[in-house]
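> I'll drop the sequence and a predicted model, then ask my questions.
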Amino acid sequence: MSQEAEIIEKLRGELGENFIEESRIRPNRPVVTVQRDVLIQALRLLVEVFNARLCTITAVDDGVDFELIYHMSIKGLVMSIKVFVPKEESEVASATSVIPGAASAEREIWDLFKIKFQGLSDPRPLIVPYEWRDVKVPLRKPMGGLVSEYQKPTVETLMQQGQVFTMPSTVKGHRENFKLPEVKTTMTRPEALKEIHEITEEVGFDRRIGYDWARKRLRY
Amino acid sequence: MGSRREYAIFWGCWVPSRQPSVEAACRRVLDRFGIGVHDMEGVSCCPDPVVTERLQREMWLSLAARNLSIAENMGVEMATVCNGCYETFFEAIETLRTNERLRGRVEKALTRIGKTLPAKTGLRHIVEILSQDVGVEEIARLSSNRLSKLNVAVHPGCHLYRAKSREGIQEKPKMLEEIVAATGAKTVDYGIPRFCCGYPHRVVEEEFSLKMMLAQKLQKVWEAGADCVVVSCPACNIQFEFGQLELKRKYNITFGEGIPVMHIVELVALGLGIKPEEFGLQTHRGPTSNIISKLV
């Protein structure tokens, strides 16, 4: 088993359902996405079991979530651990409990994106003036995703009932008048709608558009 | 399912919940011609070939494949009354056939819900069914001359030009024109039948969609003296009907009392002598009196 396969296997075993997926930027350049709650556990495993070293941390603002990508060097292999941080919360555990040297990267990201690193012992601004803290945030975009204002009702209705239009009472009346049969779509078949939601999760459409399952609405 | 032609009809989102008259007319017309209609159980939006496909191709393709899979399990070809649905399924069938990576992603998604990849689902647009299964001669034979005073502007809609080969792109629009002629209605030449109605542009810029697309087309239709526009797509229908209301309200642009719009199945129904009130022509959001007053 290669070093890369061994590390990924170990991460998968330790993190269980919190191991979301593995992908490749290119051959021999793996990225493992994990749940935000187990970020420190994943980093600790890489550091303590495989003697990993943190190269740097990349932050990406995709509109509704931040991606934080921890690039780890492990005996010639560079592997990245990726977590998503919801913009509404903008908080994540500091890696300094495992990697003290992460402090400077975390302070820089705090300055530029306003992501709070819980447990960071020295949270002072690093590269922006003190008075900018939480007021001027150079690289943070406004909350917003792929779906435009005009498209929101269409996309939300698709997620809620699998069809892009609701059935108005007037049309229901017309259907009865013209003796049209019952509509047998996901609109009226909960088991079929459940299939649509499973597909949505499987392909990651919910994350891509920033859908809030609890509120049944887009997050922006 | 017997020897007569049978189809799994994919009604889409627009028709059942916004244009029941199209569904009612289609059922009556196909019944008149002895073509079997089977409703599909548990289908979703096709999904639309503009918004959903742009947001995520895997999601768009997976939902389309699931709908195709339902039709395949019914053992008959799938038929649509909507250009947009036709575009989605046409593209989905070709993509599943040729794109190994996406096929793999979709197969995984379908496996999760206990469904399999569709392998041989046939797809027909209602225009093809009327032209090829029924035949324009048969439509002409059964049509009375009650539409002989009706002047029609035919709007095929962009996705009706979808074809596997360059040579085939005019086939379905030509079929549509021939069907209109077979009903006894007169087709007017307004010069820009292929010009888009502007519906897809709404998702980017509504004012452009209404003023620079729809109004330009309607102006030509109006100048050509058409009594109504005939479409083969519910989305175009909505754009023509609601768009005229919006043009009047927002920009004070009007075309007489409003130019009526009909789906081709409604025109065929009228040609066959089915009364407008039987399938609900009056439930359109736009005016229909121009049409009814011209019936002989």
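Alright, I've got the coordinates.
> for chain B, what's its nearest residue on chain A.
For chain A and chain B, the shortest gap (CB to the nearest CB) falls at residue A:192, measuring 3.2 Å. From N, CA and C alone the C-beta is placed, and that goes for glycine too.
> residues touching the closest residue to that residue other than its chain neighbours, list them.
Excluding the flanking residues, the one nearest residue A:192 by CB to CB, 6 or more residues apart in numbering or on different chains is residue B:42, at 3.2 Å. By CB atoms under 8 Å, 6 or more residues apart in numbering or on different chains, residue B:42 lies in contact with A:184-186, A:189, A:191-192, A:195, B:70.
> can you tell me which residue is spatially central in chain A?
Geometric centre of chain A, nearest residue: residue A:84, 3.4 Å, by CA atoms, centre = their mean.
> before we move on, back to that, among the contacts of residue B:42, who's most crowded?
Of all the contacts of residue B:42, the highest neighbour tally under other CB atoms under 10 Å in any protein chain shown goes to residue A:185, namely 27 neighbours.
> residues in contact with it?
Going by CB under 8 Å, 6+ apart, residue A:185 touches A:162-163, A:192, B:16, B:42-44.
> same deal with residue A:217?
A:156, A:211.
> for the residue of the stretch 1-150 of chain B at minimum distance from chain A, which three-state class applies?
Nearest residue of the stretch 1-150 of chain B to chain A, counting by CB to the nearest CB: residue B:42, 3.2 Å away. Three-state call for residue B:42 (DSSP: H, G, I helix; E, B strand; the rest coil): coil.
> tell me the pLDDT of the nearest residue to residue B:4 once chain neighbours are set aside.
If the residues on either side of it in the chain are set aside, residue B:4 comes closest to residue B:34, at 5.5 Å by CB to CB, 6+ apart. pLDDT, residue B:34: 96.
> tell me, how many residues neighbour residue B:34?
Neighbours of residue B:34 under the rule other CB under 10 Å: 10.
> that one reaches residue B:6, doesn't it?
No: using CB atoms under 8 Å as the test, residue B:34 is too far from residue B:6 to be in contact (10.3 Å).
> run through the bridge partners of the residue nearest to the centre of chain A.
residue A:67 (DSSP bridges).
> residue A:67 is in contact with that one, correct?
Yes: between residue A:84 and residue A:67 there is a contact at 6.1 Å, judged by CB under 8 Å.
> buried residues, the helix or strand where residue A:156 lies. List them.
Residue A:156 belongs to helix A:152-161 when assigned by DSSP states H and E. For helix A:152-161, the neighbour count (16 or more other CB atoms under 10 Å in any protein chain shown) marks A:154-161 as buried.
> then stretch B:71-91?
So stretch B:71-91, judged by 16+ other CB under 10 Å, has buried residues B:71-72, B:74, B:76-91.
> does stretch A:166-178 reach chain B?
Yes: using CB under 8 Å from any CB of the partner chain, we find that stretch A:166-178 touches chain B at A:166-168, A:171, A:174-175, A:177-178.
> what subset of those residues is buried?
Applying 16+ other CB under 10 Å to these flags A:167, A:171, A:174-175, A:178 as buried.
> in a markdown table, list the residues you listed along with secondary structure and distance to residue B:54.
Below are these laid out as a markdown table (DSSP: H, G, I helix; E, B strand; the rest coil; distance: CB to CB, whole Å):
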| residue | secondary structure | distance to residue B:54 |
| --- | --- | --- |
| A:167 | coil | 26 |
| A:171 | helix | 28 |
| A:174 | helix | 32 |
| A:175 | helix | 32 |
| A:178 | coil | 35 |
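> is the host helix or strand of residue B:72 in proximity to chain A?
Assigned by DSSP H and E, residue B:72 belongs to helix B:57-74. Yes: counting by CB under 8 Å from any CB, chain A has neighbours in helix B:57-74: B:58-59, B:62-63, B:66.
> closest to residue B:277 out of the residues you listed?
residue B:63 (36.3 Å; CB to CB).
> can you give me the helices for chain A?
A:3-15, A:39-50, A:103-113, A:152-161, A:169-177, A:190-203, A:205-209 (DSSP state H).
> got a list of contacts for the longest one?
Looking back up the chat, that one is helix A:190-203. With contacts defined as CB under 8 Å, 6+ apart, helix A:190-203 is touched by A:159, A:161-162, A:185-187, A:205-206, A:211, B:41-44, B:56, B:58-59, B:62-63, B:66, B:105, B:108-110, B:112-113, B:115.
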